[in-house]
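Peer 1: fold the following.
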Amino acid sequence: MLTIGEVARRSGVSRDALRFYERIGLLKPHARSEAGYRLYDASAVERVRFIKLAQGLGFQLEEIASMLEVMAEGKPPCAHVRAMLEEKVAEIEAKIDALTKLRDDLKARLDWARQHPDPACDGKNTCVYLEPPAPLT
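Peer 2: Below is the predicted model of the structure:
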């Protein structure tokens, strides 16, 4: 059996993170010592590494919990994870599209601002650089 400190050291996460994972149901100690210390079996280290790997790939803890639930049911998680990967890729592509549009809009405004470094402002509480860009001249 491993103590929480040993699991933390082997998995590269803090004890606080392990306690948090326990509170939200991602990790469960195998037993408690007579003194009340959490004791884990060796599979806890691999479980925590799986959680951190999934987080590193952009999955939220709720999503990781659903993966772990499939595993707990004794089913291979690959079909479930593949569907989640497809969703994650679609989300990221949508974000990339939105960021690309934003970048292009900002660049057009910056190009116009560079061509008009001292625009005639009319004293309003706005800035012409933030207005829709005028056609380049």
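Peer 1: spatially central residue in the protein, please.
Peer 2: Residue closest to the mean C-alpha point of the chain, counted by C-alpha atoms, centre = their mean, is Gly58 at 3.8 Å.
Peer 1: spatially nearest residue to that residue (excluding sequence neighbours)?
Peer 2: Leaving aside its chain neighbours, Gly58 sits nearest to Lys88 (5.9 Å; criterion: C-beta to C-beta, 6 or more residues apart in numbering). (Each C-beta comes from the backbone N, C-alpha and C, glycine too.)
Peer 1: by contact count, what packs against the least confident helix or strand in the chain by mean pLDDT?
Peer 2: Every helix and strand in the chain was compared by mean pLDDT, DSSP states H and E; the lowest is strand 31-32, with a mean of 89. With contacts defined as 3 or more C-beta pairs under 8 Å, 6 or more residues apart in numbering; DSSP states H and E, the packing partners of strand 31-32 are strand 38-40.
Peer 1: hmm, who's touching the following helix or strand past the strand it packs on?
Peer 2: For strand 38-40, the succeeding helix or strand toward the C-terminus, using DSSP states H and E, is helix 43-56. The contact list for helix 43-56 (C-beta atoms under 8 Å, 6 or more residues apart in numbering) reads 2, 7, 10-13, 18, 21, 26-27, 29-30, 61, 63-64, 67-68.
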